[in-house]
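Structure, please.
(one chain, ligands or ions: 1)
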Amino acid sequence: MNSQVESIFDSNISSSKSYLTASIDGKTIYFAVQKENAKYLIHEVYDAFVVASIPLALQTGRNIVVNGSISESLFYNLKNEVIPILLMTNKDYRNFEISAQELYSESINSENAIGLAFSCGIDSFCSLEINKDSPTNFQITHFLNFYAGATHNKVEHENKLGNVKNLASLLGIDIIEVDSNITDLITMSHSQIHSVRNMAPALAIQKLLGKFYYSSAYHYKDCGVFQGGTSAHLDPIILAKMGTETMKVYSIGSRFSRVEKTEVVSCNKYSYDFLDVCVDTDYQVQRKESDPMNCGVCWKCNRTLLTLEILGKEKLYERVFNLDKYYFQRDNYIKSIINDESSLSQEVLELAKENKFSPIEDLEYDKLTLINWKIKATISKYRKKVFQRLNRNKLIAVASTRRRK
Ligand SMILES: [Zn+2]
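Numbering: from 1, shown residues only. This is a model prediction of the structure:
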């Protein structure tokens, strides 16, 4: 069974936006930009729609059949690298083929702009900070903001977008918003496939972008091809292979851990007024203009504030967090992550240990719990290494069997 990608066209459906639209599996899928940015939409090719179809194809095993043209380079890399790698990370993913009527191999006329996907979070602020001294042809010219699954509803998205727009205006950086309904195509969770999914809106505006920067979530030591990994664990491996003859993709920031990124961000004075890490949808929807940007108590606010507090910098952020609310329940948060095996929680606890962060030592049950945590952390690290080695050996064995055939 196939998923047909066809009937590409553009139309001004509303008075304020311009749409790039295609029919996929009978559904109308769109990428929309403000009318003044309509010239950046690429109408000639289906690259964005093919990438948007990947999660659906992984779930259903349906081939992607394109009734039109796609980038030769993207086609080659999806077929030979990206899809096979994604298949190695989840035993429930199904294999599929991609075919197209035509492959294009020339670059398309573009503004050659350099866009950074920007949300005002730790990853994107870190990317902004580390790129500030880049050579001219690598300097960020545009912030890109996508409505493609990261937030739960339009109100939350618009509230967060307002914050990004205010910073962009202060920095004199242009901002391009891309709205899309690609989430209609899949039931897979956003966290499972978000970095692949976020390539699609960027590919839709190739007439603007010569380079697209995407902030990676994980440190290189935690990235790799292994069962149970998300697409974010693959960022430095596959994202650069999802560019085209016109637009190169860069996965950036993996040389830093989340703790190190937070420290880098704390050197950027704009983050004191614009940092936005909050994932509490209700808070974001109901937030008044006088309320701080972040709730201060959701897991992401807690993790960020605990890291900043251990670094002695949380007070710099009193305008964007309600620090009193955070202090009130901080110890409960620490207790909740002591048994959390995720690398991001462990990094924070390691930092606390290194810095002899007193609230952790003051917790009444701390000694036994911390010993318990250290044992668990060591076992978890060891288990991950063994698992990755086994996986690697399995892949080598499969490769050599194929060679023998
Ligand atoms: Zn929050």
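
Provide a list of residues in contact with the spatially closest residue to Leu208 that is not a sequence neighbour.
The shortest distance from Leu208 to any non-neighbouring residue, by Cβ to Cβ, 6 or more residues apart in numbering, is to Tyr40 (3.8 Å). Heads up, the C-betas are built off the backbone N, CA and C, glycines and all. By Cβ atoms under 8 Å, 6 or more residues apart in numbering, the contact set of Tyr40 is 33, 111, 176, 205-209.

All the helices of the stretch 201-350 of the chain, in order from the start?
In the stretch 201-350 of the chain, the segments counted as helices under DSSP state H, counting those that start in this stretch are 235-238, 258-265, 271-274, 281-286, 299-310, 323-338, 343-354.

So which elements touch the first one?
Contact here means 3 or more Cβ pairs under 8 Å, 6 or more residues apart in numbering; DSSP states H and E; on that basis helix 235-238 packs against helix 83-87.

Next: the fourth one.
Helices and strands touching helix 281-286, by 3+ Cβ pairs under 8 Å, 6+ apart, are helix 154-171.

contact partners of the helix it packs on?
Residues contacting helix 154-171 (Cβ under 8 Å, 6+ apart): 118-120, 143, 145, 147, 150-151, 174-175, 177, 270, 274, 276, 281, 284-285, 287, 293.

Of those residues, keep whichever come out buried.
118-120, 143, 145, 147, 150-151, 174-175, 177, 274, 276, 284, 287, 293 (16 or more other Cβ atoms under 10 Å).

burial count for Arg255?
12 (other Cβ atoms under 10 Å).

tell me the pLDDT at it?
As predicted, Arg255 sits at a pLDDT of 96.

Tell me the spacing between the closest residue to it other than its chain neighbours and the ion.
The shortest distance from Arg255 to any non-neighbouring residue, by Cβ to Cβ, 6+ apart, is to Tyr220 (6.5 Å). Distance of Tyr220 to the ion, computed by Cβ to the ion, to the nearest Å: 28 Å.

can you pull the contacts of Tyr220?
With Cβ under 8 Å, 6+ apart, Tyr220 has these contacts: 236, 254-255.

if we look at the ion, which of these are close to it?
With Cβ under 5 Å from the ion as the criterion, the contacts of Tyr220 include none near the ion.

Wait, Tyr333 touches Cys301, no?
No: in this structure, Tyr333 is not within contact of Cys301 by Cβ atoms under 8 Å, at 9.4 Å.

Between those two, point out the one with more neighbours.
Cys301 (26 against 18).

Distance check, the more buried one against Ile337.
According to Cβ to Cβ, to the nearest Å, Cys301 and Ile337 sit 13 Å apart.

for the ion, what are the nearby residues on the stretch 251-400 of the chain?
Close to the ion, as judged by Cβ under 5 Å from the ion, the stretch 251-400 of the chain has residues 278, 280, 294-295, 298, 301.

what about stretch 192-207, distance to the chain center?
Relative to its chain's centre, stretch 192-207 lies at 10 Å (Cα atoms, centre = their mean, to the nearest Å).

thinking again about what came up before, so can I have a markdown table of the residues of the stretch 251-400 of the chain next to the ion showing pLDDT?
Formatted as a markdown table, these follow (pLDDT from 0 to 100):
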| residue | pLDDT |
| --- | --- |
| Cys278 | 95 |
| Asp280 | 91 |
| Asn294 | 96 |
| Cys295 | 95 |
| Cys298 | 95 |
| Cys301 | 96 |
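
Out of the residues you listed, which is nearest to Val196?
Closest approach to Val196 among these (Cβ to Cβ): Cys278, at 24.6 Å.

Setting the sequence-adjacent residues aside, check what's closest to the closest one.
Asn294 (4.0 Å).

Surely the one you found and Phe274 touch.
No: counting by Cβ under 8 Å, Asn294 sits too far from Phe274 to count as a contact (10.7 Å).
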